[in-house]
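> Please find the sequence and the predicted model below.
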Amino acid sequence: MRIKTLVAAKDKAYTGNFCEYISEHHADTIDISAVNTAEHLRKTLSARKYDVALLDMAFIGEADYKSINLPLFLRSEQDTRDTSAPCTLPGASIRALPIKHIQKHQRISRAVAGILEEYATANGNIHILGEKMRSVTAVWSPAGGVGKTTVALSYAEASILKERDAFYLDLEDFSSALVYFDEDGKSISKVFEMLERNDGNVKMYIQGIASSKNGIKYLCAPDNFDDISILSADNTRELVICCAETAGELVVDLPCACNEVTRQVFDLADKVLLVTDRSETAQTKLAQFITQNCIYENINEKVTLVINKDTQASGRRGGLDPAIKTQNAIKANSAIKTLEDSAITLPYVEKHDAQSVCRELAAHGFGMYI
């Protein structure tokens with residue numbers, strides 16, 4: 001169900017651009033209408049009720065607020081009214097509340113994000129799951145330092161190159177994605193709080209606060225990375241579902257731990273990219289996961305092995321290094337060789353910045369896979 005939204009401003013160019021942006025980017029979420037005069041505003045509100053109305057401050061005394069669930073006001077630098085003071089809006093049979101406003105002279109994308117954020121937090125406990133999810137790809141490794149986050153971001157970039165919208169969800173306890181993304185947006189911490197309290201429209205809030213870089217949507221880092229620890233397995237499941245309903249491809253970057261949270265994501269995923277490299281440490285941990293963990297048996301049909309930072313792409317193709325003679329290594333050797341038959345091999349890229357590395361791998365590493 002779309003949010004019935006009315007924008008009322010005297011500036012026809014502003015309302016026109018606003019409606020055009022909504023039609024191009026949020027047509028599946030927002031049902032937009034626009035008026036430019038007080039008379040048209042009164043007639044429109046007498047004929048239909050709206051979930052949200054975004055009103056010029058000049059129209060504050062003209063609207064019938066019984067027809068508006070959430071009134072928001074466009075405020076410019078010239079407006080001097082104290083919007084923090086409680087005010088009973090004209091015609092509204094509600095108690096006095098602080099007037100909420102959206103800054104008028106900013107990018108329309110930010111204004112729309114503000115609307116979605118306000119609406120999501122104002123409508124408690126209505127996040128209803130069950131819509132059809134898009135594709136979910138989990139990126140995981142039992143070993144640290146193999147370039148898992150680089151693989152996840154490269155895969156997301158490859159989706160963009162194939163003209164599929166992508167959403168990157170970072171669930172790492174300590175993340176290196178900060179070197180790739182700008183961090184001037186809203187933190188994911190509020191999402192964690194909403195999930196923990198079971199309050200608010202989580203999906204809509206995510207749509208409102210999601211940032212974008214190089215076409216990839218993402219949520220900015222938590223205020224404190226310890227905040228991730230409050231997520232239960234059920235919270236994580238709901239978070240993944242909500243994110244997956246907002247993009248064609250959801251890429252989930254998981255921590256190396258193989259716990260209940262990881263299992264929930266594996267269960268939801270259509271694909272699991274199992275990342276390793278040619279190092280003895282990474283290969284040994286991969287062997288332990290394959291031979292000692294029952295989880296692998298449950299997900300092996302959707303696993304694709306990704307061999308990262310490979311300086312011998314045209315050389316050795318065996319599983320484990322022959323020097324590794326542990327019982328588990330020998331047992332896992334044939335399983336890893338079987339995975340390697342359909343593995344994605346990513347070359348070592350000598351670039352100095354994360355974006356260039358991901359762009360290179362997306363174009364030449366994942367291009368044939370997606």
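Thanks, I have the structure now. Numbering: from 1, shown residues only.

> going forward, measure contacts between C-alpha atoms and count neighbours the same way
Fine.

> Now for the closest residue to residue 139 other than its chain neighbours: which residues touch it?
Distance criterion CA to CA, 6 or more residues apart in numbering; nearest residue to residue 139, sequence neighbours excluded, is residue 273 at 4.8 Å. The contact partners of residue 273, by CA atoms under 8 Å, 6 or more residues apart in numbering, come to 137, 138, 139, 140, 303, 304, 305, 306.

> Select from the residues you listed the one having the most neighbours.
Among these, residue 139 has the most neighbours (other CA atoms under 10 Å), with 28 neighbours.

> pretty sure that residue contacts residue 150?
No - the pair residue 139 and residue 150 does not pass the contact test of CA atoms under 8 Å, sitting 10.1 Å apart.

> returning to what we had before: just the ones in strands from the contacts of residue 273, please.
Of the positions in those, 137, 138, 139, 140, 303, 304, 305, 306 sit in strands, assigned by DSSP state E.

> can you redo the residues you listed as JSON lines with distance to residue 265 and pLDDT?
Supplementary listing: the ones in strands among the contacts of residue 273 in JSON lines, determined by distance: CA to CA, whole Å; pLDDT from 0 to 100:
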{"residue": "137", "distance to residue 265": "9", "pLDDT": "96"}
{"residue": "138", "distance to residue 265": "7", "pLDDT": "97"}
{"residue": "139", "distance to residue 265": "10", "pLDDT": "97"}
{"residue": "140", "distance to residue 265": "10", "pLDDT": "96"}
{"residue": "303", "distance to residue 265": "13", "pLDDT": "93"}
{"residue": "304", "distance to residue 265": "16", "pLDDT": "92"}
{"residue": "305", "distance to residue 265": "17", "pLDDT": "92"}
{"residue": "306", "distance to residue 265": "18", "pLDDT": "92"}
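
> Out of those residues, flag the one nearest to residue 359.
Closest approach to residue 359 among the ones in strands among the contacts of residue 273 (CA to CA): residue 306, at 16.7 Å.

> my read: the closest one touches residue 345, true?
Yes - in terms of CA under 8 Å, residue 306 counts as a neighbour of residue 345; the distance is 5.9 Å.

> hmm, back to that, of the ones in strands among the contacts of residue 273, closest to residue 76?
Comparing the ones in strands among the contacts of residue 273 against residue 76 with CA to CA picks out residue 137 as the nearest, at 42.6 Å.

> Name whatever forms a beta bridge with that closest one.
Beta-bridge pairing for residue 137 (DSSP bridges): residue 251, residue 271.

> Flag the shaky bits of the protein, pLDDT-wise.
Residues of the chain meeting the criterion pLDDT under 70: 1, 77-99, 123-133, 312-334, 367-370.

> just the ones in strands among the contacts of residue 273 now: which is nearest residue 167?
Ranking the ones in strands among the contacts of residue 273 by separation from residue 167, with CA to CA as the measure, puts residue 137 on top at 10.3 Å.
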